[in-house]
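**Q** What would the 3D arrangement of this be:
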Amino acid sequence: MTRVDYTIIAIYLVSLLIFGVFLAKRASQSSEHYFLGDRKLPWWALGASGMSSNLDIAGTMTLVTMLYWFGLHGFFIEMRGGVVLPIAIFMAFMGKWHRRSQVMTTAEWMQLRFGKDWQGKLARMSAAVTYLVITIGMVVFFLGAAGKFLSVFLPFTILQCQLLMLAIAFLYTVLSGIYGVVWTDVVQSVLIGGAALYVAIVGFSEVTPELLEQWPGATFNRVLPSLFQEELKINTSHGILDYRFFGLCLLVWASKGILEGLGGSGGSAYMAQRFYSAKNESDCLKIGMLWTILFAFRWPMVLGFAVLAISLGVGTKDPEVILPEVLLSEFFPSGVRGIIIAAMLAAAMSTFDSTINAGASYVVKDLYQPLKQSCTEKELVWVGYIASFFIVVTGLFITLNFDSIVGIWVAIVTNLFPAFLVPFALRWFWERFNGAGFTMGILTGFTASLLTFIFVSDEYLHEIHTVLIVASCSLLGSVLGTFMTPQTEEKIRKEFYNTTKPQGLWNKDWKQSDREEHRNNLQTMVVSLMWQISTFLIPMTIMLKMVAETLCLSILWCTASTYLWYQLKANDAKKVEQDP
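**A** Residues are numbered from 1 along each chain as shown. Model (predicted):
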C-alpha cells in the first residue's frame, strides 16, 4: 500500500460522509421520505442501487472461495443465496404486486392481508421481528468479512477495521435515509463496475491450459452441472463441504431461491423496499432487468480473483483471504490498488447501508408506531436513528464470536432463511392462510432452526437436510396454526386480492378477469430465470474461453431478452392507457 492508495480510500470515505450531510435535510422531512424517498426515485437509480446492495465484500470473498475450490460448480453452489434468484421473480410479477399494495414495509403489508384485529397485529409484529433477525444476521456477515479484508491493508486490527466501517456507514445512512442509500449506491455502482471490468480483463489474460491444470476446481468448469461427483467433497480449515450428491443439492438450493422470490422477501429486508419505492408498477420490470444486468459484473470479477489467486499460488492455506492477498500482488499497481479497494469498500457500504435502513424501517413502522399512535414524523425519524444504532451494535457483538466467513453464510442460508420462507410464500398464494398461521409458521421455523444449530453437529446433518427439516417444521406450523384459528374476514381477503391481484388458491370468481395476467406471470417467471442465469454465466464462459458454451448461452439469452423486451413494451403501453 502506498500513499496514493491511502489517499484514494480516504477521499472516498470522506465523500460518503459529505454526501450524507448534504441529503440529511431532505430525508428528515418524514418517514415516507426517510425510508422510501417519497416514492419518487427513478427506476434506473433503484436498479443500480439494488445491484450495489447485493454486492459486498463478504459475498465476494465467499464466491471467490467457492470458485477456487469448485470452478463453475461454485456458481451453482451459490444458487443457495449468492446468485440471488429472487430478482427474477420480482421482475416477473412480485415487484408489481409489492408496488400495488401501497405500503411502506412488508410487515405493514400484513394488516392489508390479514386485517387489523389480533391476527393482523400478530402477523405484522412477527414479520417485523423476522426482518430484524435477518438484518442483524446479515450485519454479522458483512462485518466479519470487512474486518478480515481491511485489516490486511490498514494498520489496524480486525476489530478496529470493523468499528471504522461501521461508524462511517452508520453515520451517512442515519443522516440521509433512503436518499443517501440509493444515490450513493448509484455512484458506487459505477466504481464497482469499473473495478469488476479491470479484474475480469486481467484475469482473462492469465487463463492458459497450464493454469487450468493447477486449478483445484478446474475439473468442474462445466456449464452443465454434475448430478453426482465423489470429488465434490473437501475438508477445509473451517469444516467439511460435502456436495457429492450435487443434483439433489442443486434442486434444494434452486427451490429455496425461488421460494424466497415467491415469498416476496428475497432473503433480505431491502429487496422489497426497492419495489415499494418505485414510481409505478411498470417500472418494476425495468428495475429488475437493470439490477440483473449490473449484477452480472460480479461474476467475471470473482472469477478473475480466483484465476489470479491460482496464477500467484495463493489461497492454499485459507482461501477466504484470497481477495486481499491478490490485491497486494503486482497485478494491481499503486493507484489502481487504491481504486479497487475503494470499490470493495463501496460494495460493502452499499449493502450495509441498505440493510440498516430497511431493518430500521421495520422497527419504526411495525414495532414502535403501533404501540404509540400519536407519533410526529420527526419522532419517527429519531426512532429510526436509534433502531439503526441498536442493529449495528448487536451485529458487532455477535460478530466477535465468529471466525469463518463461509461458515457464517452457510448458517444464514441453511438455518435462518428456511425458518420463514414457507409462511412468507403462503401469504400470497393461499386464501385460507391467516395471521395466526403465519405467526405459528415463523415460530416453529425459528425453533427448529435454533435447535438444529445448537444441538446437531454438521458431521451428522448435511446443509440440505437442515434446509428441508427447518422448512418442513415451518410448513407444519403454518398449516396447523391456520386451521386451528378463524379465517380472515372475506371483506379483507377480497380487498387484498383486488388491490394486488395475486394468483394461486384464491376465489375462482375473483380471479376470472385476471387469468390472462396470471398465465403471463408464470411464463415471464420461467423466462426471467433462464435470462438471469444465462446473463451471469456468459461473461464467465467468455473468461474461461469456452466458445461452444458461450454460443449456446448467448442464443438462450437473446431469445429470453426478446420476450422480456416485448413485456416491457406491453407494460409501458398499459401504463399510458391507464394514466394518459
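
**Q** measure residue 81 to residue 277 for me?
**A** Residue 81 sits 23 Å away from residue 277, going by Cβ to Cβ, to the nearest Å. Glycine gets a C-beta too; all of them are placed from N, C-alpha and C.

**Q** mind checking how far residue 252 is from residue 413?
**A** 11 Å.

**Q** since we're on residue 314, how many residues are nearby?
**A** The number of residues packed near residue 314 is 19, by other Cβ atoms under 10 Å.

**Q** now residue 384
**A** Residues near residue 384, counting by other Cβ under 10 Å: 26.

**Q** helix or strand right after the helix or strand containing it?
**A** Using DSSP states H and E, residue 384 falls within helix 377-399. With elements assigned by DSSP H and E, the helix or strand that comes after helix 377-399 is helix 405-411.

**Q** Just the strands from this protein, written as ranges.
**A** 233-236, 239-242 (DSSP state E).

**Q** average model confidence for the first one?
**A** Averaging pLDDT along strand 233-236 yields 70.

**Q** For the stretch 101-250 of the chain, which segments count as helices?
**A** Using DSSP state H, counting those that start in this stretch, the helices of the stretch 101-250 of the chain run over residues 106-114, 118-153, 158-206, 209-214, 246-262.

**Q** among those helices, which is nearest residue 371?
**A** helix 118-153 (9.8 Å; Cβ to Cβ).

**Q** What mean pLDDT does that closest one get?
**A** Here the average pLDDT along helix 118-153 is 84.

**Q** Please apply the same query to stretch 326-341.
**A** 87.

**Q** And for it, what's in contact with it?
**A** Residues from elsewhere that reach stretch 326-341, judged by Cβ atoms under 8 Å, 6 or more residues apart in numbering: 1-2, 4-9, 152-153, 191, 194-195, 198-199, 202, 305, 308-309, 312, 314.

**Q** Next, format the helices of the stretch 101-250 of the chain as CSV and append mean neighbour count.
**A** Formatted as CSV, those follow (neighbours: other Cβ atoms under 10 Å):
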stretch, mean neighbour count
helix 106-114, 25
helix 118-153, 23
helix 158-206, 21
helix 209-214, 11
helix 246-262, 20
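
**Q** mind putting the ones you listed in CSV, distance to residue 65 included?
**A** Below are the helices of the stretch 101-250 of the chain laid out as CSV (distance: least, Cβ to Cβ, whole Å):
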stretch, distance to residue 65
helix 106-114, 31
helix 118-153, 11
helix 158-206, 16
helix 209-214, 17
helix 246-262, 17
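
**Q** Go through those and name the closest to residue 547.
**A** helix 158-206 (13.7 Å).

**Q** elements contacting that closest one?
**A** Other elements packing on helix 158-206 under the criterion 3 or more Cβ pairs under 8 Å, 6 or more residues apart in numbering; DSSP states H and E are helix 3-27, helix 31-36, helix 43-54, helix 118-153, helix 298-312, helix 336-362, helix 377-399, helix 515-543.

**Q** Would you mind saying which of those lies nearest residue 456?
**A** Closest among the helices and strands packed on helix 158-206, once you apply Cβ to Cβ, is helix 118-153, at 19.0 Å.

**Q** what about the closest one, distance to the chain center?
**A** Computed by Cα atoms, centre = their mean, to the nearest Å, the chain-centroid distance of helix 118-153 equals 12 Å.

**Q** what inclination does it have with respect to helix 106-114?
**A** 160 degrees (axes from the mean of the first three to the mean of the last three Cα atoms, to 10 degrees).

**Q** If I take helix 118-153 and helix 158-206, what angle do their directions form?
**A** Using the same axes, to 10 degrees: helix 118-153 against helix 158-206 is 70 degrees.

**Q** if I look at residue 84, how far off is residue 18?
**A** Distance from residue 84 to residue 18, by Cβ to Cβ: 31 Å.

**Q** Looking at the two, which has the bigger crowd around it?
**A** A direct count of neighbours by other Cβ under 10 Å for residue 84 and residue 18 places residue 84 higher, at 28 against 10.

**Q** quick one: that one and residue 295 touch, right?
**A** Yes. Counting by Cβ atoms under 8 Å, residue 84 does reach residue 295; the two are 6.8 Å apart.

**Q** which residues are in contact with both of those two?
**A** residue 54.

**Q** can you give me the mean pLDDT across the helix holding residue 384?
**A** The model assigns helix 377-399 a mean pLDDT of 81.

**Q** buried sites along it?
**A** By 16 or more other Cβ atoms under 10 Å, the buried positions in helix 377-399 come out as 380, 381, 383, 384, 385, 387, 388, 391, 392, 395, 396, 399.

**Q** residue contacts, the closest residue to residue 556 other than its chain neighbours?
**A** Leaving out its chain neighbours, the residue that sits closest to residue 556 by Cβ to Cβ, 6 or more residues apart in numbering is residue 534, at 4.9 Å. Residue 534 makes contact with 553, 554, 556, 557, 560 under the criterion Cβ under 8 Å, 6+ apart.

**Q** Could I have the buried ones of these as PyMOL selection syntax?
**A** With 16+ other Cβ under 10 Å as the criterion, this PyMOL line picks the buried residues out of the contacts of residue 534:
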select buried, resi 553+556+557+560
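
**Q** coming back round to it: and the helix holding residue 384, how far from the chain's centre?
**A** 21 Å.

**Q** Show me which residues of stretch 89-107 are buried.
**A** Quick answer for stretch 89-107 (16+ other Cβ under 10 Å): 89-101, 103-107.

**Q** Could you count how many residues lie near the closest residue to residue 503 other than its chain neighbours?
**A** Take residue 503 and drop its neighbours on the chain: the residue closest to it by Cβ to Cβ, 6+ apart is residue 518, 4.0 Å away. Other residues within reach of residue 518 by the criterion other Cβ under 10 Å amount to 16.

**Q** was I right about residue 518 contacting residue 508?
**A** No. Using Cβ under 8 Å, residue 518 is not in contact with residue 508, being 11.9 Å away.

**Q** Endpoint to endpoint, stretch 46-66 covers what distance?
**A** Using Cα to Cα, to the nearest Å, the end-to-end distance of stretch 46-66 comes to 29 Å.

**Q** cool, and stretch 361-370?
**A** Using Cα to Cα, the two ends of stretch 361-370 sit 13 Å apart.

**Q** Restricting to C-alpha, output stretch 120-135 in PDB.
**A** Taking C-alpha atoms only, stretch 120-135 is exported to PDB below (Å, rounded to 0.1, in the frame of the first residue of the first chain):
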ATOM      1  CA  GLY A 120     -53.100  -9.000  11.700                       C
ATOM      2  CA  LYS A 121     -51.200  -7.300  14.500                       C
ATOM      3  CA  LEU A 122     -49.600 -10.600  15.500                       C
ATOM      4  CA  ALA A 123     -48.500 -11.200  11.900                       C
ATOM      5  CA  ARG A 124     -47.200  -7.700  11.500                       C
ATOM      6  CA  MET A 125     -45.100  -8.000  14.600                       C
ATOM      7  CA  SER A 126     -43.900 -11.500  13.600                       C
ATOM      8  CA  ALA A 127     -42.800 -10.200  10.200                       C
ATOM      9  CA  ALA A 128     -41.000  -7.200  11.700                       C
ATOM     10  CA  VAL A 129     -39.100  -9.300  14.200                       C
ATOM     11  CA  THR A 130     -38.200 -11.800  11.400                       C
ATOM     12  CA  TYR A 131     -36.700  -9.000   9.300                       C
ATOM     13  CA  LEU A 132     -34.900  -7.600  12.300                       C
ATOM     14  CA  VAL A 133     -33.300 -11.000  12.900                       C
ATOM     15  CA  ILE A 134     -32.300 -11.200   9.200                       C
ATOM     16  CA  THR A 135     -30.900  -7.700   9.300                       C
END
